[in-house]
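*Asks:* Next comes the sequence, and after it the predicted model I'd like to discuss.
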Amino acid sequence: MKNMVYIQSGGPTSVINSSLYGAFKEAVRHPDLIDHIYGSINGIEGLIEGKLFDLREEDPHDIELLIQTPGAALGTTRRKLPKDIKDPVYMQIVHNLMKFSIKYVFINGGNDSMDTCNKIAQLCDEMNLDIQVIGVPKTIDNDLACTDHTLGYASAAKAVINSIYAISKDALCYKEGKIHIVEVMGRNAGWLTAASDLVPEDGHPDLIYLPENKFDVEEFLKDIKDIKERKGYGIVVISEGIKFERDTKNAAVDSFGHVQLAGACTELARIIESRLGIKTRVVELSLLQRANPFLLSRNDRDEAIEVGERSVTAALEGKTGQMVVMKRVSNEPYIARFELVPLGDVANAEQTLPKEFMQDKTRMSDAFRAYLKPLIQGNIHLIYKDGIVELTNFKKKVIK
Ligand code: F6P
(Lines give C-alpha, C1' and ligand atoms only; values in the text may rest on other atoms or scores of the structure.)
Protein backbone atom coordinates (compact mmCIF):
# COMPACT_ATOMS: atom_id res chain seq x y z
CA MET A 1 0.00 0.00 0.00
CA LYS A 2 1.41 3.41 -1.04
CA ASN A 3 -0.44 6.45 0.21
CA MET A 4 0.08 10.18 -0.05
CA VAL A 5 -0.56 12.94 2.48
CA TYR A 6 -1.22 16.53 1.54
CA ILE A 7 -0.54 19.28 4.08
CA GLN A 8 -1.63 22.93 3.91
CA SER A 9 0.44 25.27 6.02
CA GLY A 10 0.68 28.93 7.09
CA GLY A 11 -1.67 31.74 6.03
CA PRO A 12 -4.24 30.67 3.40
CA THR A 13 -4.78 32.24 -0.02
CA SER A 14 -7.70 32.36 -2.43
CA VAL A 15 -6.14 29.58 -4.54
CA ILE A 16 -4.41 27.33 -1.99
CA ASN A 17 -7.21 24.80 -2.45
CA SER A 18 -6.70 24.87 -6.22
CA SER A 19 -3.25 23.33 -5.72
CA LEU A 20 -4.84 20.66 -3.53
CA TYR A 21 -7.37 20.09 -6.33
CA GLY A 22 -4.55 19.72 -8.90
CA ALA A 23 -2.63 17.30 -6.67
CA PHE A 24 -5.79 15.26 -6.00
CA LYS A 25 -6.70 15.04 -9.69
CA GLU A 26 -3.18 13.99 -10.65
CA ALA A 27 -3.07 11.39 -7.87
CA VAL A 28 -6.33 9.74 -8.98
CA ARG A 29 -4.84 9.40 -12.46
CA HIS A 30 -2.31 6.94 -10.94
CA PRO A 31 -4.32 4.32 -9.00
CA ASP A 32 -1.49 1.86 -9.62
CA LEU A 33 0.99 4.08 -7.74
CA ILE A 34 -1.14 5.87 -5.13
CA ASP A 35 -3.81 4.19 -3.02
CA HIS A 36 -5.18 6.59 -0.40
CA ILE A 37 -5.07 10.36 -0.79
CA TYR A 38 -4.97 11.72 2.74
CA GLY A 39 -5.46 15.28 3.89
CA SER A 40 -3.69 16.25 7.11
CA ILE A 41 -5.98 18.16 9.48
CA ASN A 42 -4.43 21.49 10.50
CA GLY A 43 -1.14 21.23 8.71
CA ILE A 44 1.75 19.30 10.18
CA GLU A 45 -0.23 18.91 13.40
CA GLY A 46 -2.43 16.34 11.67
CA LEU A 47 0.60 14.24 10.82
CA ILE A 48 2.00 14.58 14.35
CA GLU A 49 -1.29 13.65 16.01
CA GLY A 50 -2.34 11.07 13.42
CA LYS A 51 -5.36 13.12 12.33
CA LEU A 52 -5.74 12.38 8.63
CA PHE A 53 -8.81 11.94 6.47
CA ASP A 54 -9.32 10.34 3.10
CA LEU A 55 -10.08 12.86 0.36
CA ARG A 56 -11.61 10.15 -1.82
CA GLU A 57 -14.34 9.71 0.77
CA GLU A 58 -15.43 13.33 0.47
CA ASP A 59 -18.38 14.37 -1.71
CA PRO A 60 -17.06 14.79 -5.30
CA HIS A 61 -18.96 18.10 -5.50
CA ASP A 62 -16.90 19.41 -2.58
CA ILE A 63 -13.73 18.40 -4.44
CA GLU A 64 -14.91 20.33 -7.53
CA LEU A 65 -15.67 23.40 -5.38
CA LEU A 66 -12.07 23.50 -4.14
CA ILE A 67 -11.14 25.69 -7.11
CA GLN A 68 -13.43 28.48 -5.92
CA THR A 69 -12.96 28.00 -2.16
CA PRO A 70 -10.60 30.26 -0.19
CA GLY A 71 -9.12 29.38 3.20
CA ALA A 72 -7.34 26.08 3.73
CA ALA A 73 -9.94 23.33 3.21
CA LEU A 74 -7.81 20.82 5.16
CA GLY A 75 -7.08 23.23 8.00
CA THR A 76 -3.71 24.90 8.51
CA THR A 77 -1.18 25.76 11.21
CA ARG A 78 1.70 28.10 11.98
CA ARG A 79 3.44 25.54 14.19
CA LYS A 80 7.22 25.50 13.86
CA LEU A 81 9.07 22.20 14.18
CA PRO A 82 12.07 22.06 16.54
CA LYS A 83 15.61 22.43 15.11
CA ASP A 84 16.83 19.19 16.64
CA ILE A 85 15.77 16.34 14.41
CA LYS A 86 16.09 14.01 17.46
CA ASP A 87 13.19 15.80 19.17
CA PRO A 88 10.40 13.31 20.08
CA VAL A 89 7.99 15.13 17.76
CA TYR A 90 9.91 13.75 14.77
CA MET A 91 9.54 10.18 16.08
CA GLN A 92 5.83 10.85 16.28
CA ILE A 93 5.86 11.96 12.64
CA VAL A 94 7.86 8.88 11.57
CA HIS A 95 5.46 6.68 13.53
CA ASN A 96 2.49 8.11 11.64
CA LEU A 97 4.23 8.00 8.27
CA MET A 98 4.69 4.27 8.87
CA LYS A 99 1.26 3.74 10.41
CA PHE A 100 -0.50 5.28 7.40
CA SER A 101 1.92 3.75 4.84
CA ILE A 102 2.83 7.16 3.49
CA LYS A 103 5.07 7.18 0.42
CA TYR A 104 4.50 10.77 -0.71
CA VAL A 105 4.32 13.94 1.39
CA PHE A 106 3.27 17.32 -0.01
CA ILE A 107 3.52 20.54 1.97
CA ASN A 108 1.79 23.57 0.50
CA GLY A 109 3.03 26.78 2.13
CA GLY A 110 5.29 29.84 2.29
CA ASN A 111 8.85 30.30 3.53
CA ASP A 112 8.22 29.11 7.09
CA SER A 113 6.32 26.09 5.81
CA MET A 114 9.16 25.23 3.42
CA ASP A 115 11.33 25.06 6.54
CA THR A 116 8.93 22.41 7.87
CA CYS A 117 8.95 20.64 4.48
CA ASN A 118 12.76 20.70 4.39
CA LYS A 119 12.97 19.22 7.90
CA ILE A 120 10.62 16.36 6.95
CA ALA A 121 12.67 15.69 3.80
CA GLN A 122 15.89 15.62 5.88
CA LEU A 123 14.25 13.36 8.44
CA CYS A 124 13.21 10.85 5.77
CA ASP A 125 16.67 11.01 4.25
CA GLU A 126 18.50 10.49 7.56
CA MET A 127 16.25 7.61 8.53
CA ASN A 128 16.53 6.03 5.10
CA LEU A 129 12.77 6.14 4.61
CA ASP A 130 11.68 5.62 1.04
CA ILE A 131 9.40 8.67 1.07
CA GLN A 132 9.23 11.52 -1.43
CA VAL A 133 8.73 15.00 0.07
CA ILE A 134 7.74 17.86 -2.23
CA GLY A 135 7.02 21.54 -1.51
CA VAL A 136 4.15 23.40 -3.18
CA PRO A 137 4.62 27.21 -3.04
CA LYS A 138 1.95 29.64 -1.87
CA THR A 139 1.62 32.94 -0.05
CA ILE A 140 -0.06 36.22 -0.81
CA ASP A 141 3.15 37.92 0.37
CA ASN A 142 5.03 36.80 -2.79
CA ASP A 143 8.20 36.67 -0.70
CA LEU A 144 9.44 33.15 -1.52
CA ALA A 145 12.94 32.85 -2.94
CA CYS A 146 13.75 31.04 -6.22
CA THR A 147 10.35 31.52 -7.88
CA ASP A 148 9.11 34.32 -10.17
CA HIS A 149 5.99 34.62 -8.04
CA THR A 150 4.00 32.62 -5.52
CA LEU A 151 0.56 31.15 -5.97
CA GLY A 152 -2.09 33.29 -4.32
CA TYR A 153 -0.21 36.55 -4.76
CA ALA A 154 -1.87 37.47 -8.06
CA SER A 155 -5.42 36.88 -6.78
CA ALA A 156 -4.67 38.90 -3.64
CA ALA A 157 -3.17 41.64 -5.83
CA LYS A 158 -6.27 41.61 -8.02
CA ALA A 159 -8.45 41.92 -4.90
CA VAL A 160 -6.35 44.85 -3.63
CA ILE A 161 -6.38 46.69 -6.97
CA ASN A 162 -10.10 46.30 -7.61
CA SER A 163 -11.10 47.04 -4.01
CA ILE A 164 -9.09 50.25 -3.93
CA TYR A 165 -10.44 51.30 -7.33
CA ALA A 166 -14.01 50.81 -6.10
CA ILE A 167 -13.25 52.56 -2.80
CA SER A 168 -11.83 55.53 -4.70
CA LYS A 169 -15.22 56.14 -6.34
CA ASP A 170 -16.81 56.42 -2.92
CA ALA A 171 -13.94 58.45 -1.51
CA LEU A 172 -14.13 61.18 -4.13
CA CYS A 173 -17.86 61.73 -4.26
CA TYR A 174 -18.02 64.26 -1.41
CA LYS A 175 -17.02 67.88 -2.00
CA GLU A 176 -15.16 67.93 1.29
CA GLY A 177 -13.66 64.45 1.62
CA LYS A 178 -11.45 62.52 3.98
CA ILE A 179 -8.01 61.00 3.93
CA HIS A 180 -8.53 57.26 3.38
CA ILE A 181 -5.84 54.97 4.70
CA VAL A 182 -5.96 51.50 3.20
CA GLU A 183 -3.90 48.84 4.96
CA VAL A 184 -2.58 45.91 2.93
CA MET A 185 -1.01 42.64 4.19
CA GLY A 186 2.50 41.49 3.43
CA ARG A 187 4.54 41.65 6.62
CA ASN A 188 8.13 42.53 5.53
CA ALA A 189 7.55 42.45 1.79
CA GLY A 190 5.76 45.19 -0.15
CA TRP A 191 4.68 43.15 -3.18
CA LEU A 192 1.00 43.28 -2.35
CA THR A 193 0.98 46.95 -1.34
CA ALA A 194 2.86 47.79 -4.54
CA ALA A 195 0.04 46.15 -6.52
CA SER A 196 -2.14 49.17 -5.70
CA ASP A 197 -0.10 51.04 -8.31
CA LEU A 198 -2.15 49.21 -10.97
CA VAL A 199 -5.31 51.05 -9.89
CA PRO A 200 -6.34 53.17 -12.93
CA GLU A 201 -5.45 56.90 -12.91
CA ASP A 202 -8.95 58.08 -11.92
CA GLY A 203 -8.62 56.23 -8.63
CA HIS A 204 -4.86 55.93 -8.26
CA PRO A 205 -3.54 56.18 -4.67
CA ASP A 206 -1.83 59.45 -3.74
CA LEU A 207 0.80 57.71 -1.66
CA ILE A 208 2.04 54.10 -1.41
CA TYR A 209 4.17 53.04 1.57
CA LEU A 210 6.17 49.82 1.47
CA PRO A 211 7.86 48.07 4.40
CA GLU A 212 11.16 48.02 2.48
CA ASN A 213 11.46 51.82 2.77
CA LYS A 214 11.99 54.09 5.74
CA PHE A 215 8.75 55.60 7.01
CA ASP A 216 9.03 59.06 8.52
CA VAL A 217 5.92 60.21 10.41
CA GLU A 218 6.72 63.94 10.08
CA GLU A 219 7.21 63.70 6.33
CA PHE A 220 4.03 61.64 6.09
CA LEU A 221 2.03 64.35 7.89
CA LYS A 222 3.45 67.01 5.57
CA ASP A 223 2.36 64.98 2.52
CA ILE A 224 -1.13 64.40 3.95
CA LYS A 225 -1.60 68.13 4.61
CA ASP A 226 -0.50 68.91 1.07
CA ILE A 227 -2.87 66.33 -0.49
CA LYS A 228 -5.82 67.57 1.54
CA GLU A 229 -5.16 71.19 0.54
CA ARG A 230 -4.67 70.32 -3.12
CA LYS A 231 -7.49 67.80 -3.66
CA GLY A 232 -9.77 67.86 -0.64
CA TYR A 233 -9.51 64.08 -0.16
CA GLY A 234 -6.87 61.42 -0.48
CA ILE A 235 -6.13 57.72 -0.73
CA VAL A 236 -3.02 56.42 0.98
CA VAL A 237 -2.04 52.76 0.78
CA ILE A 238 0.21 51.40 3.50
CA SER A 239 1.69 48.01 4.13
CA GLU A 240 0.86 46.45 7.50
CA GLY A 241 4.63 46.12 7.94
CA ILE A 242 5.74 49.75 7.68
CA LYS A 243 7.95 50.59 10.60
CA PHE A 244 7.17 53.49 12.89
CA GLU A 245 6.77 53.93 16.64
CA ARG A 246 3.78 51.81 17.56
CA ASP A 247 2.86 49.67 20.45
CA THR A 248 3.21 45.96 19.54
CA LYS A 249 3.98 44.71 23.04
CA ASN A 250 0.53 43.18 23.46
CA ALA A 251 0.37 41.80 19.92
CA ALA A 252 0.30 38.03 19.46
CA VAL A 253 3.47 36.32 18.16
CA ASP A 254 3.46 33.04 16.20
CA SER A 255 5.92 30.17 16.72
CA PHE A 256 8.20 31.54 13.98
CA GLY A 257 8.49 34.75 16.05
CA HIS A 258 6.34 36.89 13.72
CA VAL A 259 4.35 39.61 15.47
CA GLN A 260 0.71 39.57 14.42
CA LEU A 261 0.48 42.89 12.61
CA ALA A 262 -2.62 44.86 11.46
CA GLY A 263 -3.82 48.10 12.90
CA ALA A 264 -1.16 50.44 11.47
CA CYS A 265 -3.87 52.31 9.54
CA THR A 266 -5.81 53.02 12.75
CA GLU A 267 -2.68 54.28 14.46
CA LEU A 268 -1.81 56.59 11.55
CA ALA A 269 -5.37 57.90 11.34
CA ARG A 270 -5.19 58.76 15.05
CA ILE A 271 -1.94 60.66 14.44
CA ILE A 272 -3.40 62.58 11.45
CA GLU A 273 -6.56 63.55 13.33
CA SER A 274 -4.75 64.65 16.48
CA ARG A 275 -1.88 66.47 14.77
CA LEU A 276 -3.62 67.92 11.69
CA GLY A 277 -7.31 67.85 12.60
CA ILE A 278 -8.07 66.25 9.22
CA LYS A 279 -10.87 63.69 9.03
CA THR A 280 -9.75 60.17 8.13
CA ARG A 281 -11.29 56.81 7.28
CA VAL A 282 -9.42 53.54 7.70
CA VAL A 283 -9.93 50.53 5.46
CA GLU A 284 -8.13 47.41 6.61
CA LEU A 285 -8.54 45.04 3.66
CA SER A 286 -7.64 42.20 6.01
CA LEU A 287 -8.92 38.73 5.07
CA LEU A 288 -10.76 39.94 1.97
CA GLN A 289 -7.36 40.13 0.28
CA ARG A 290 -6.64 36.46 0.66
CA ALA A 291 -10.14 34.98 1.04
CA ASN A 292 -11.84 36.46 -1.99
CA PRO A 293 -13.30 34.09 -4.60
CA PHE A 294 -14.95 37.05 -6.37
CA LEU A 295 -11.70 38.58 -7.54
CA LEU A 296 -9.69 35.51 -8.49
CA SER A 297 -7.09 35.71 -11.20
CA ARG A 298 -7.68 32.86 -13.64
CA ASN A 299 -3.98 32.80 -14.37
CA ASP A 300 -3.23 32.36 -10.66
CA ARG A 301 -5.83 29.64 -10.26
CA ASP A 302 -4.70 27.74 -13.35
CA GLU A 303 -1.08 27.89 -12.23
CA ALA A 304 -2.06 26.77 -8.73
CA ILE A 305 -3.82 23.72 -10.20
CA GLU A 306 -0.87 22.97 -12.48
CA VAL A 307 1.69 23.26 -9.68
CA GLY A 308 -0.41 20.85 -7.60
CA GLU A 309 -0.39 18.38 -10.50
CA ARG A 310 3.31 18.82 -11.13
CA SER A 311 4.20 18.26 -7.49
CA VAL A 312 2.58 14.82 -7.69
CA THR A 313 4.30 14.07 -10.99
CA ALA A 314 7.66 15.03 -9.45
CA ALA A 315 7.09 12.76 -6.45
CA LEU A 316 6.07 9.86 -8.71
CA GLU A 317 9.29 10.39 -10.68
CA GLY A 318 11.18 9.81 -7.41
CA LYS A 319 12.10 13.48 -6.76
CA THR A 320 12.31 14.57 -3.13
CA GLY A 321 13.46 17.54 -1.02
CA GLN A 322 12.39 19.94 -3.76
CA MET A 323 9.78 22.61 -4.42
CA VAL A 324 8.03 23.40 -7.70
CA VAL A 325 8.81 26.95 -8.90
CA MET A 326 7.85 29.18 -11.80
CA LYS A 327 10.46 30.86 -14.01
CA ARG A 328 9.18 33.60 -16.27
CA VAL A 329 10.13 33.33 -19.92
CA SER A 330 8.28 36.39 -21.26
CA ASN A 331 5.69 39.02 -20.30
CA GLU A 332 3.94 39.40 -23.65
CA PRO A 333 2.79 36.79 -24.29
CA TYR A 334 3.04 35.68 -20.67
CA ILE A 335 4.98 32.42 -20.51
CA ALA A 336 6.35 30.76 -17.39
CA ARG A 337 8.00 27.38 -17.18
CA PHE A 338 7.92 25.10 -14.18
CA GLU A 339 11.05 23.80 -12.49
CA LEU A 340 12.16 22.17 -9.25
CA VAL A 341 14.56 23.74 -6.73
CA PRO A 342 16.05 22.29 -3.52
CA LEU A 343 13.94 23.08 -0.46
CA GLY A 344 17.06 24.24 1.41
CA ASP A 345 17.34 27.20 -0.99
CA VAL A 346 13.79 28.33 -0.21
CA ALA A 347 13.31 27.54 3.50
CA ASN A 348 13.22 30.69 5.62
CA ALA A 349 14.62 32.91 2.84
CA GLU A 350 12.67 36.12 2.21
CA GLN A 351 12.37 37.83 -1.17
CA THR A 352 11.42 41.48 -0.67
CA LEU A 353 10.44 43.91 -3.45
CA PRO A 354 13.57 44.73 -5.50
CA LYS A 355 14.65 48.38 -5.82
CA GLU A 356 14.14 48.37 -9.61
CA PHE A 357 10.41 47.75 -9.04
CA MET A 358 10.01 50.96 -7.00
CA GLN A 359 9.94 54.50 -8.33
CA ASP A 360 8.96 56.84 -5.49
CA LYS A 361 6.30 57.05 -2.77
CA THR A 362 3.56 57.69 -5.34
CA ARG A 363 4.47 55.15 -8.04
CA MET A 364 6.04 51.80 -8.80
CA SER A 365 8.23 51.37 -11.86
CA ASP A 366 7.13 50.35 -15.38
CA ALA A 367 9.05 47.12 -14.83
CA PHE A 368 6.85 46.29 -11.83
CA ARG A 369 3.66 46.99 -13.78
CA ALA A 370 4.93 44.80 -16.63
CA TYR A 371 5.71 42.07 -14.08
CA LEU A 372 2.31 42.11 -12.34
CA LYS A 373 -0.05 42.77 -15.25
CA PRO A 374 0.00 39.29 -16.81
CA LEU A 375 -0.40 37.60 -13.44
CA ILE A 376 -3.82 39.12 -12.68
CA GLN A 377 -5.39 38.27 -16.04
CA GLY A 378 -8.55 36.24 -16.52
CA ASN A 379 -11.76 36.07 -14.53
CA ILE A 380 -13.65 33.14 -13.07
CA HIS A 381 -17.30 32.24 -13.46
CA LEU A 382 -18.33 31.01 -9.99
CA ILE A 383 -20.98 28.45 -9.06
CA TYR A 384 -23.74 29.97 -6.89
CA LYS A 385 -26.72 28.44 -5.12
CA ASP A 386 -29.67 30.72 -4.29
CA GLY A 387 -27.47 33.76 -4.75
CA ILE A 388 -24.71 32.51 -2.45
CA VAL A 389 -21.37 31.28 -3.67
CA GLU A 390 -20.86 27.53 -3.08
CA LEU A 391 -17.77 26.60 -1.08
CA THR A 392 -16.18 23.31 -0.05
CA ASN A 393 -17.10 21.95 3.36
CA PHE A 394 -15.22 18.70 3.97
CA LYS A 395 -16.54 16.24 6.53
CA LYS A 396 -13.00 15.20 7.53
CA LYS A 397 -13.74 11.76 8.96
CA VAL A 398 -10.54 10.92 10.82
CA ILE A 399 -8.91 7.62 9.74
CA LYS A 400 -8.58 5.11 12.55
O1 F6P B 1 0.54 34.28 5.09
C2 F6P B 1 0.91 35.59 4.95
C3 F6P B 1 -0.01 36.53 5.70
O4 F6P B 1 -1.26 36.60 5.05
C5 F6P B 1 0.63 37.87 5.88
O6 F6P B 1 0.42 38.73 4.80
C7 F6P B 1 0.03 38.36 7.17
O8 F6P B 1 0.90 39.22 7.86
C9 F6P B 1 -0.16 37.10 7.93
O10 F6P B 1 -0.26 36.06 6.99
C11 F6P B 1 -1.36 37.09 8.82
O12 F6P B 1 -1.42 35.84 9.40
P13 F6P B 1 -2.56 35.34 10.36
O14 F6P B 1 -3.82 35.29 9.57
O15 F6P B 1 -2.09 34.00 10.81
O16 F6P B 1 -2.62 36.35 11.45
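*Replies:* That came in fine, so what should we check first? Numbers count the residues shown, from 1 in each chain.
*Asks:* Poorly predicted segments of the protein, please.
*Replies:* Confidence mapping of the chain against pLDDT under 70 gives the ranges 246-262.
*Asks:* tell me which parts of it are close to the ligand?
*Replies:* 10-11, 78, 110, 139-141, 185-187, 240, 260-261, 290 (C-beta under 6 Å from any ligand atom). Bear in mind the C-beta positions are built from the backbone N, C-alpha and C, glycine included.
*Asks:* Counting neighbours, which of these comes out on top?
*Replies:* Neighbour counts for the residues of the chain next to the ligand, by other C-beta atoms under 10 Å, peak at Ile140, which reaches 32 neighbours.
*Asks:* so Lys138 touches Ser19, yeah?
*Replies:* Yes. Assessed by C-beta atoms under 8 Å, Lys138 is found in contact with Ser19 at 6.6 Å.
*Asks:* out of these two, which sits in the busier spot?
*Replies:* Ser19 (32 against 28).
*Asks:* how close does the residue nearest to the more buried one when sequence neighbours are not counted sit to the ligand?
*Replies:* Using C-beta to C-beta, 6 or more residues apart in numbering and skipping residues adjacent in sequence, the residue nearest Ser19 is Gly308, 3.7 Å away. Distance of Gly308 to the ligand, computed by C-beta to the nearest ligand atom, to the nearest Å: 18 Å.
*Asks:* so how many other residues sit close to Gly308?
*Replies:* Residues near Gly308, counting by other C-beta under 10 Å, number 29.
*Asks:* now do Ala349
*Replies:* For Ala349, using other C-beta under 10 Å, the count is 14.
*Asks:* Might you report the residue contacts of it?
*Replies:* By C-beta atoms under 8 Å, 6 or more residues apart in numbering, the residues touching Ala349 are 111, 144-146.
*Asks:* With secondary structure and neighbour count added, can I get those residues in JSON lines?
*Replies:* Formatted as JSON lines, the contacts of Ala349 follow (DSSP: H, G, I helix; E, B strand; the rest coil; neighbours: other C-beta atoms under 10 Å):
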{"residue": "Asn111", "secondary structure": "helix", "neighbour count": "21"}
{"residue": "Leu144", "secondary structure": "coil", "neighbour count": "28"}
{"residue": "Ala145", "secondary structure": "coil", "neighbour count": "17"}
{"residue": "Cys146", "secondary structure": "coil", "neighbour count": "19"}
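*Asks:* got these as TSV, with distance to Ile278 columns?
*Replies:* Shown next, in TSV, are the contacts of Ala349 (distance: C-beta to C-beta, whole Å):
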residue	distance to Ile278
Asn111	39
Leu144	39
Ala145	41
Cys146	44
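*Asks:* nearest to Ile380, of those residues?
*Replies:* Closest to Ile380 out of the contacts of Ala349 is Leu144 (23.8 Å), distances taken as C-beta to C-beta.
*Asks:* how much space is there between the nearest residue to the closest one once chain neighbours are set aside and Gly344?
*Replies:* In space, and not counting its chain neighbours, Leu144 is closest to Thr150: 4.9 Å by C-beta to C-beta, 6+ apart. Between Thr150 and Gly344 the distance is 18 Å, computed by C-beta to C-beta, to the nearest Å.
*Asks:* just the helices in this structure please.
*Replies:* Using DSSP state H, the helices of the chain run over residues 16-28, 44-49, 60-65, 88-99, 111-126, 153-171, 191-194, 217-231, 264-276, 298-316, 343-346, 366-372.
*Asks:* domain parsing for this protein?
*Replies:* Following the assignment in automatic domain parsing, the chain carries domains at 3-139+295-348+379-389, 153-289.
*Asks:* Start and end of the shortest one, how far apart?
*Replies:* The reference is to domain 153-289. Distance across domain 153-289, first residue to last, is 9 Å (C-alpha to C-alpha, to the nearest Å).
*Asks:* what distance separates that domain from the middle of the whole chain?
*Replies:* Distance of domain 153-289 from the chain centroid (C-alpha atoms, centre = their mean, to the nearest Å) equals 19 Å.
*Asks:* OK, now which residue of the stretch 51-200 of the chain is nearest to the ligand?
*Replies:* For the stretch 51-200 of the chain and the ligand, the shortest gap (C-beta to the nearest ligand atom) falls at Met185, measuring 3.4 Å.
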